[in-house]
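Asks: need a 3D model of the following:
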Amino acid sequence: MLGLGNSVISGTKASFSLTDISNLELWLQNNIGLSADTGKVQTWKDSSGNLNHATQTNTDYQANFSGGGLDFEEGETDHYDLASTITIAQAGGFCVAFVVEMETVSNNTLFSKGANEQIKIVNGTEFFFKADNPSATSTVFVFPSGTFDTSKALFILNRSAGASNRFLFFKNGTELTPDVDNSTAEAAGENPNGFDIDTLGSLEGTGSFFDGKILEVAFWNRALTATEIADVNSYLQSIHGL
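Replies: The predicted model follows:
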């Protein structure tokens, strides 16, 4: 892996769209497809073309529109259900890119389906990934202090396919290197398990609620190439002023 401080260079054109990269399963696009421009939001429409909209019909659990995305309140148990489950097979590659601005940095779940399928920011140094096929396996990536904070940031997690899979993690276009001694599965091939996701912003709608703004999310059901990652970074950094 490259160390902290190695920036991704991209030649992304102004006309570039995330849909230009194949296997885009979900794209909750900033300021596009939200069912309200003020107040509570019932639906955030999927811009990937798969109609995998994020919806919450219970107004008590709806997040507020903010910054072109959703402002989730942990104490109000805000969360959304995806129209279709996204499934990643065992040893399958995937990539998730997300722009967030957290209010507090504590057990902020981005995606889940069940207790054994979670993608979340744990605290200022830890990122948690748990996959359930064929058995529940957790990966905790430990990064330098302050990697996760309350400032707006773009993160990308990319996992290559195969039993000897490799994880790459980026913040604002720079690749991060996890702490070898403290991460539970930082090396290649330690968590190639499969998983499902169908919930945005909480652990299966019951806990670990996201606290802050989710401004954009994209999910691919394959690993992206270095060039594609660079293009995604460049595009989203430009859109969000990062």
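Asks: contacts, neighbours, all on C-alpha from now
Replies: OK.
Asks: least confident secondary structure element in the chain?
Replies: Every helix and strand in the chain was compared by mean pLDDT, DSSP states H and E; the lowest is strand 137-142, with a mean of 93.
Asks: mind giving me the packing neighbours of the following helix or strand past it?
Replies: Downstream of strand 137-142, the first helix or strand assigned by DSSP states H and E is strand 153-159. Packing contacts for strand 153-159, counted by 3 or more CA pairs under 8 Å, 6 or more residues apart in numbering; DSSP states H and E, involve strand 94-102, strand 167-171, helix 226-240.
Asks: can you lay out those as a markdown table showing mean pLDDT?
Replies: Shown next, in a markdown table, are these (pLDDT from 0 to 100):
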| stretch | mean pLDDT |
| --- | --- |
| strand 94-102 | 98 |
| strand 167-171 | 96 |
| helix 226-240 | 97 |
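Asks: closest one to residue 88 among those?
Replies: strand 94-102 (7.3 Å; CA to CA).
Asks: partner strands of the closest one and their direction?
Replies: With DSSP bridges as the test, strand 94-102 is paired with strand 153-159 (antiparallel), strand 212-220 (antiparallel).
Asks: would you mind giving the ones you listed as CSV with mean neighbour count added?
Replies: Formatted as CSV, those follow (neighbours: other CA atoms under 10 Å):
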stretch, mean neighbour count
strand 153-159, 22
strand 212-220, 23
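Asks: how about the ones you listed, which one is nearest residue 67?
Replies: With CA to CA as the criterion, residue 67 lies closest to strand 212-220 of the strands paired with strand 94-102, at 6.9 Å.
Asks: other residues contacting that closest one?
Replies: 22-30, 66-73, 94-104 (CA atoms under 8 Å, 6 or more residues apart in numbering).
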